[in-house]
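Visitor: just need the structure, nothing else, for what follows:
(one chain, ligands or ions: 2)
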Amino acid sequence: MPGLDGDQIRRRLADARLYLCTGTRPDLAEFAGEALAGGVDVIQLRDKRAGAPLEAAEELAALRTLAEVCAEHDALLSVNDRADIALAAGADILHLGQDDLPVPVARRILGAEIVIGRSTHDVAQATAAAAEPGVDYFCTGPCWPTPTKPGRSAPGLPLVRATAAAAPARPWFAIGGIDEARLPEVLAAGATRVVVVRAITEAPDPRAAATRLSAALRPR
Ligand SMILES: Cc1ncc(COP(=O)(O)OP(=O)(O)O)c(N)n1
Ligand SMILES: Cc1nc(C(=O)O)sc1CCOP(=O)(O)O
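Guide: Numbers count the residues shown, from 1 in each chain. Ligands and ions are numbered 1, 2, ... in the order given. Modelled structure (predicted):
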């Protein structure tokens, strides 16, 4: 939700359970509104269409759309890879992979207020991300091989179990191949927060899918 300061974003992130990455789509505003109404806490624009990468102006335009929807639903807005675009869009979060900008470089661009997340794919990376200055949260995965991230080998649930056992002080999310049917296994492995793509982007009813995932992540 653009306009929050760093402490407010970090508090909301600690409470977050369901994080959605989505590409651009013709119905982006409506789709995002449905997903957020269903209980998504954080939404990231992650557009990786082969052969047709978004130009910066297109990415900013899509992020403006998402920022409006996030403001309506009190949700956090995340940008993938690009610190300049995160700053320009007034995003809450920048997510960085292992081959992206080094965190200190991103921090120099962003300052202290925007939250930075990291992808991790083994115990050494997760341990490093849990302690690296400037990192606020991290993700571990893929839990299962996934067509959304082709070619990425999956450390699977053992990485989730090892991360949970280390009890990191920073929020962390499990990612990769997670859907409603697999969520109980991910929770049993010790995760309390998840990132999903297809489980919501390809659902016939994104709001209903988000509602079910969110309910399973926040049992009463
Ligand atoms: C929340 C979140 N977690 C992981 C990723 C994957 O990031 P990365 O490894 O940099 O891969 P790409 O998304 O760039 O393909 C993410 N984007 N968001
Ligand atoms: C974007 C991404 N990053 C991963 C990682 O392991 O860092 S796995 C992944 C894809 C997740 O998509 P789905 O929910 O459709 O399987």
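Visitor: what residues sit buried inside the lengthiest helix in the chain?
Guide: What stands out as the longest helix in the chain, according to DSSP state H, is helix 56-73. Buried residues in helix 56-73, counted by 16 or more other CB atoms under 10 Å: 59, 60, 62, 63, 66, 67, 69, 70, 73. Yep, even glycine has a C-beta here, placed from its N, CA and C like the rest.
Visitor: now swap in stretch 99-110 and tell me
Guide: Going by 16+ other CB under 10 Å, stretch 99-110 has these buried residues: 100, 101, 103, 106, 107, 110.
Visitor: what's it in contact with?
Guide: 81, 83-84, 86-87, 94, 96, 116, 118, 132-135 (CB atoms under 8 Å, 6 or more residues apart in numbering).
Visitor: how about the residues of this structure by ligand 1?
Guide: 19, 21, 44, 46, 48, 80-81, 95, 97, 100, 117, 119, 139, 175, 195 (CB under 6 Å from any ligand atom).
Visitor: can you sort out which of the residues you listed also neighbour ligand 2?
Guide: Within the residues of the chain next to ligand 1, those near ligand 2 by CB under 6 Å from any ligand atom are 21, 119, 139, 175.
Visitor: quick one: list the elements packing against whatever helix or strand the third one lives in.
Guide: Residue 139 belongs to strand 137-140 when assigned by DSSP states H and E. The helices and strands touching strand 137-140, judged by 3 or more CB pairs under 8 Å, 6 or more residues apart in numbering; DSSP states H and E, are strand 115-120, helix 123-131, helix 157-166, strand 172-175.
Visitor: among the ones next to ligand 2 among the residues of the chain next to ligand 1, who's most crowded?
Guide: Top of these by neighbour number is residue 175, holding 27 neighbours under the definition other CB atoms under 10 Å.
Visitor: in this structure, which residue sits closest to ligand 1?
Guide: Nearest residue of the chain to ligand 1, counting by CB to the nearest ligand atom: residue 97, 2.0 Å away.
Visitor: isn't that residue up against residue 119?
Guide: Yes: between residue 97 and residue 119 there is a contact at 4.4 Å, judged by CB atoms under 8 Å.
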